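Asker: A predicted structure for the sequence below; I have some questions about it.
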Amino acid sequence: NAGVMQNPRHLVRRRGQEARLRCSPMKGHSHVYWYRQLPEEGLKFMVYLQKENIIDESGMPKERFSAEFPKEGPSILRIQQVVRGDSAAYFCASSPTSDTQYFGPGTRLTVL
Amino acid sequence: DQQVKQNSPSLSVQEGRISILNCDYTNSMFDYFLWYKKYPAEGPTFLISISSIKDKNEDGRFTVFLNKSAKHLSLHIVPSQPGDSAVYFCAASGTSGSRLTFGEGTQLTVNP
């Protein structure tokens, strides 16, 4: 059973461009979570999704950030008009109906 | 407001000895607690968890203790091995399937 998959692993964007981060949950997992780790900090919750529904987006910045988990395909975290402060590691986690979340390897976003 | 705190940024122990990592929380609504291990450039790896109805959970070399009245939990690793050297994160959630709140992490170094 493959683990949580994220791609790309590394992403470089110039200021003002768009970043799209993808997450494929573990097989059988219907809950997806996105977290961000800024340099020298712990992981911070961003958004919690189930298929076609956003359950909790209280950790998402109000502008430029959006997330989706369509009926088919991976979950997408989209950052529009990136700024240098968006440079971070973005982690996706998935879970079945239980409490334990399993994390992917992360996408390291660098904004030049 | 840091609801989950790991007050020791680093810990160094000798191989074969016990490692004790500590975590404090402030939110009384937390009822599920987890420990993750993280290597550089990788995602967090789930280690062990405990529900608030228990005060101890053991899995091989890892034991987690929960003291609800003190809002404190600890992870014991015995015997410690050099491969245990990593950053350890404590995390908590309030209801099943909800977001995780992470501590800042403790860097454990196990010396041969």
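Answerer: Structure's in. What do you need? Numbers count the residues shown, from 1 in each chain, chains lettered A, B, ... in the order given.
Asker: For chain B, which residues are neighbours of chain A?
Answerer: B:32, B:34, B:36, B:41-46, B:49, B:89, B:93, B:96-105 (CB under 8 Å from any CB of the partner chain). In short, each C-beta sits where N, CA and C put it, glycine included.
Asker: buried subset of these?
Answerer: Burial by neighbour count, judged by 16 or more other CB atoms under 10 Å in any protein chain shown, picks out B:32, B:34, B:36, B:43-44, B:49, B:89, B:93, B:97-105 from the residues of chain B next to chain A.
Asker: so of the residues of chain B next to chain A, which ones are in strands?
Answerer: B:32, B:34, B:36, B:45-46, B:49, B:89, B:93, B:101-102 (DSSP state E).
Asker: Report the contact partners of the residue most central in space within chain A.
Answerer: Nearest to the mean C-alpha position of chain A, by CA atoms, centre = their mean, lies A:W34 at 3.9 Å. By CB atoms under 8 Å, 6 or more residues apart in numbering or on different chains, the residues touching A:W34 are A:23, A:45-47, A:67, A:75, A:77, A:90-93.
Asker: Below-threshold pLDDT in the chain: ranges please.
Answerer: As the question left the chain open, I've gone with chain A. Chain A contains residues with pLDDT under 70 at A:1, A:98.
Asker: right idea, wrong chain: chain B
Answerer: B:1, B:95-97.
Asker: how about the helices in it?
Answerer: Secondary structure of chain B (DSSP state H): no helices located.
Asker: contacting residues for residue 56?
Answerer: By default, I'm working from chain A. So A:D56 contacts A:47-48, B:98-99 (CB under 8 Å, 6+ apart).
Asker: The intended chain is chain B.
Answerer: So B:K56 contacts B:50, B:63-66 (CB under 8 Å, 6+ apart).
Asker: burial count for A:V12?
Answerer: Counted by other CB atoms under 10 Å in any protein chain shown, the residues lying close to A:V12 total 13.
Asker: Confirm it sits in a strand?
Answerer: Yes - under DSSP: H, G, I helix; E, B strand; the rest coil, A:V12 sits within a strand.
Asker: Please name the nearest non-neighbouring residue to it.
Answerer: A:T110 (4.9 Å; CB to CB, 6 or more residues apart in numbering or on different chains).
Asker: Confirm for me that the one you found is in contact with A:H10.
Answerer: Yes - judged on CB atoms under 8 Å, A:T110 makes contact with A:H10 at a distance of 7.4 Å.
Asker: And these two? Which one has more around it.
Answerer: More crowded of A:T110 and A:H10, by other CB under 10 Å: A:T110, with 14 against 11.
Asker: so A:A89 bridges to which residues?
Answerer: A:Q37, A:R108 (DSSP bridges).
Asker: now B:F65
Answerer: B:K56, B:S74.
Asker: near chain B, which residues of chain A?
Answerer: A:4, A:6, A:31, A:33, A:35, A:41-45, A:48, A:56, A:58-59, A:91, A:93, A:95, A:97-106, A:108.
Asker: Fine, thanks again, bye for now.
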